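[1] Sequence first, predicted model second:
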Amino acid sequence: MALIGWVLLLFPAVLSALATFGAHGDGNLTVRCHPDQAASLLQLKKSFSFFRYPNPLESWQDGTDCCLWEGVGCSKSSGHVTALELSGCGLYSEGLDPAIFELTSLELLDLSMNNFGSQSIPTSGFERLSLLTHLNFSNSGFSGQIPTVIGRLASLISLDLSCLYDITPDDSVYGDDTSIGDVTNRLRLEQPNFQILLANLSNLRDLYLDIVDMSSIKGWCPALAKSLPDLQVLSLSDCNLIDPICSSLSTLHFLTVINLGGNYHMPASPFPEYFMDFPNLSVLQLPSTNLQGSLQHLELSQMDSTRNLLPILSWIEDLHNLRSLELYGDNCSLISLSSVVKLKSLRSLAIFGYSFTKTELSSLCNLVDLGTLKIVNCIFNGPIPSAIGNLTNLRSLKIIGCDFLGSIPSSIGNLKNLRNMEIWCATYSYGTPDGSSRPLPGAIGNLSNLESLDINYCGFSGPIPDEVGLLNKLTVLRIGQCSLSGRIPNSIVNLTHLIDLDLSSNYLNGELSTSIFAIPTLQRLDINSNQLSGSIQDFDATSSHMVRLHALDLSFNQLQGQIPMPSPPATLLYYSNNNFSSVLPNFTLYLGSEFRISENNVSGHIPNSICDSNIRVLDLSSNNFSGRIPSCLIEDGYTSLLILRNNHFEGELPDNIKYQCQLHTLDLNNNKIEGNLPMTLTKCLQLEFLDFGNNHMVGTFPSWLGKLPTLRVLILRSNQFYGPIGGDLHGDDKSGEDFSSLQILDLASNNFSGNLSPEWFVGLKSMMAQFNTTGDIVRAFNVTDYQDAVTITYKSIYRTFDKILTTLTTIDLSDNSFHYSD
């Protein structure tokens, strides 16, 4: 059976426009909204938490006309709410509030790109929305069975319950990409719910159910053809369909978009040639659907990379109205694209896994009406052609995972309509043919409409061009993992719409000006791993302009003086591995969720006011802090990671830990802590890493810690613990105290004594496990980018592991008074 490894794809396009409603209602509204509908909207607002600043529903105020509220549209004649468009507003709710069903005049409901907490779509209430024509819950975090009550919306024209799993920087500030494997808690359809859902939706034109689990549905294809005669958009990608594409679809003559890709479990079947008879078809996506027959010659692999595709691609050139095309390859070499270049109607072109000739690359630049060009995992066999400057209608340019020589050509400055440019190189060290530097061209400053510039893992060198400061529409500027040097240009402060600034992992040097903290829209500032030095002069936390700042990372530089603390507090504050010498005496007033300042020269104590903060990760390791540790950091249990190693903390630990303890890591190594281990640590059921080494603690072996189900690391070395460690620790009298997850145990240099029998080690199951791989990195759950580090004796060498693998196992009982018996 031949699978289609190469298919012709078309990017999904919205070809059937939704009804348009003004963001604040009809332009000449004369009737105010009804009080009961305003009350329903306010109840809906009350059900949401907000993860964007400012609050997107700020205009929703009691006593004002709800028809003027953000995202609300009303009928001009009646004042009834007819549209609710809240897509991508950063809303969070544990399910959909029933108040939505009080808006019985709704014609358009769009809650896409929000988060409803993996809750189910309500099974009742939709029957009240009889006028609804457009329903969009895509990528909104719903899960469970799709209720058949939606099938009672007989007026529905467009239904979108899909899950988008390829979120690009265009869609998100942080540009986090996920894959189908990352999609959990999916919506699903079961037999016979699919047929019931469709039975009364005869007016439906657009159906998007991508990634909905339909693995139990039989007869999906004839059911569609029977119930939806006027369907124009059919999108069921990655739905686990188990039946093949059937001939019944040939009756759906109005189809313009067909996307059935990623349904790997479809049985092998011939390519449905009747698709070519659909007069309006402009989007066809059929990868990984087990199609064979007339298109099997499109399957290519590296072993078949010499095959000439010209006869095949010549078939494409007859599709004169083709607007979007994706070509997938498998590192095929020197494929002729002459037919593609003839597609003058193309607006979107994506090419994956090709090896270009210089001529082919330049010829693609003759498609002057292209709005989107995406080239992924390709080999250029030369530089980016200067002819790319011909694509003056281009709005999005993405070159990802490709090898190319030289720098970005200066002709890039011709692309005045470009909104998004993303270049991620495949090989960091690539340079120019003569080995000279690859500077970024100043012509980038001509891209006056650019909103996102993302360049990573490329060996570009030299300074960041001052012309970057001319890009006054820029919201995302990421130039990381390159070899850029020199100072950060002062012109960056002109980017007054900037949300995300990432210049990490370069060789930038000089002082860091406080002017960079004056960009009011900035939400993320990451300049870690450079060579910035000196003090951050004249920084005043109380006058910081970054009111929306979420994350600040200045770690791994050579910065000195006092640590700058922005106000209001940023959620994530990283300053580790610098030369900072002080922190504000009241620094706890400026803490968010994470505060990391390890490997600096900061002294002082932790004020008790830290108990009023919401700190989850506190890393003060390898500084000169002293005094007592505020008891709330351990007792209250809200802290996940408490890393205070290599300081001068003293006193005893509190023994009143609460049951809601969320501690994952407690690392107090190399301080002056005294007294006993608190037995209430057994309430910390998420505890994985416990290090009290190199202190002055006393007491017997804490066998009760064996109750902790996930404890992986226990280090008590160089203290004053004494006595036996328990004989047969795993006997009936010690039920549940078996340390079954423990992989690192260090009891060296104490006063332990007594008999050490083989039975003691029986329950250490994790240490005896067999692995076929090098293991996974142990990470703290739900904590941003943190890995525990440990210093132990391993193979007779006392060494530090910056990351702990699940396969790393060791026991050190040296320098005690044990004796062995069998």
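    Good, I have the coordinates.
[2] Helices along this protein, start to end?
    Ranges of helices within the chain are 35-46, 193-198, 220-227, 310-313, 338-341, 358-364, 632-635, 765-768, based on DSSP state H.
[3] need those in JSON lines with mean pLDDT, can you?
    JSON lines is the format used below for the helices of the chain (pLDDT from 0 to 100):
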{"stretch": "helix 35-46", "mean pLDDT": "93"}
{"stretch": "helix 193-198", "mean pLDDT": "88"}
{"stretch": "helix 220-227", "mean pLDDT": "93"}
{"stretch": "helix 310-313", "mean pLDDT": "43"}
{"stretch": "helix 338-341", "mean pLDDT": "76"}
{"stretch": "helix 358-364", "mean pLDDT": "85"}
{"stretch": "helix 632-635", "mean pLDDT": "92"}
{"stretch": "helix 765-768", "mean pLDDT": "76"}
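[4] a markdown table for those, including mean neighbour count and distance to residue 625?
    Placement of C-beta: from N, CA and C, glycine included. Shown next, in a markdown table, are the helices of the chain (neighbours: other CB atoms under 10 Å; distance: least, CB to CB, whole Å):
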| stretch | mean neighbour count | distance to residue 625 |
| --- | --- | --- |
| helix 35-46 | 17 | 43 |
| helix 193-198 | 20 | 60 |
| helix 220-227 | 19 | 63 |
| helix 310-313 | 15 | 67 |
| helix 338-341 | 18 | 63 |
| helix 358-364 | 18 | 57 |
| helix 632-635 | 20 | 12 |
| helix 765-768 | 14 | 33 |
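[5] need the contact list for residue 373.
    The contact partners of residue 373, by CB atoms under 8 Å, 6 or more residues apart in numbering, come to 349-350, 364, 391, 394, 396-398.
[6] Ok, residue 715 next?
    669, 690-693, 744-746, 790, 792.
[7] Mind doing that once more with 6 Å?
    Contacts of residue 715 were listed using CB atoms under 6 Å, 6 or more residues apart in numbering, and they are 691, 693, 746.
[8] Now render these as a markdown table, adding distance to residue 675.
    What follows is these, written out as a markdown table (distance: CB to CB, whole Å):
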| residue | distance to residue 675 |
| --- | --- |
| 691 | 16 |
| 693 | 15 |
| 746 | 20 |
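[9] Just give me the closest of those residues to residue 500.
    residue 691 (35.3 Å; CB to CB).
[10] Can you say which of the helices of the chain is nearest to residue 701?
    Once the helices of the chain are compared by CB to CB, helix 765-768 is nearest, at 17.4 Å.
[11] With just CA atoms, put the closest one into PDB.
    Output of helix 765-768 as PDB, limited to C-alpha atoms (Å, rounded to 0.1, in the frame of the first residue of the first chain):
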ATOM      1  CA  LYS A 765      12.500   0.400  43.600                       C
ATOM      2  CA  SER A 766      13.500   3.500  41.600                       C
ATOM      3  CA  MET A 767      17.200   2.700  42.000                       C
ATOM      4  CA  MET A 768      16.800  -0.800  40.700                       C
END
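[12] That one: how far from the chain's middle?
    Here helix 765-768 is found 33 Å from its chain centre; the criterion is CA atoms, centre = their mean, to the nearest Å.
[13] From residue 495, how far out is residue 444?
    13 Å (CB to CB, to the nearest Å).
[14] tell me which of the contacts of residue 373 is nearest to residue 682?
    Set against residue 682, the nearest of the contacts of residue 373 by CB to CB is residue 398 (51.6 Å).
[15] what's the neighbour count on that closest one?
    Residues near residue 398, counting by other CB atoms under 10 Å, number 20.
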